[in-house]
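Participant: Just need the structure, nothing else, for what follows:
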Amino acid sequence: MNYPTGSQTVLVIAAVIILAGLGYYAFNGTDQRTTAEHVGDAISNLPNGVDRAAKELNDKTPAEKIGDKVKDELKK
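Facilitator: As a prediction, the model looks like this:
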């Protein structure tokens, strides 16, 4: 059997730590938009409906933003 060498093990552990950090940020990161950006996004979404525009006024995590983008693309 071929077992991974020490350097391969270190690379795998580093990759797992990096992916875990990115996942943590995606689900717990804060929304960095200013109030003006929230309002601007809401105004630009008015053609999609008032309820959709109102959702833009809330803070969202990066994961929620990605989910919104996926839903929008699936509707097309």
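
Participant: Could you list every helix and strand in contact with the one helix or strand in the chain whose mean pLDDT sits lowest?
Facilitator: Within the chain, confidence by mean pLDDT, DSSP states H and E is lowest for helix 50-55 among all helices and strands, at a mean of 83. Judged by 3 or more CB pairs under 8 Å, 6 or more residues apart in numbering; DSSP states H and E, helix 50-55 is in contact with helix 35-44. To be clear about C-beta, it is placed using only N, CA and C from the backbone, and glycine gets the same treatment.

Participant: what sits against the spatially most central residue of the chain?
Facilitator: In the chain, the centroid-proximal residue (CA atoms, centre = their mean) is Pro62; its distance is 2.5 Å. By CB atoms under 8 Å, 6 or more residues apart in numbering, Pro62 lies in contact with 25-27, 29.

Participant: quick one on the thing from earlier: distance from the chain centre to the least confident helix or strand of the chain, please.
Facilitator: Centroid separation between helix 50-55 and its chain, computed with CA atoms, centre = their mean, to the nearest Å, is 19 Å.
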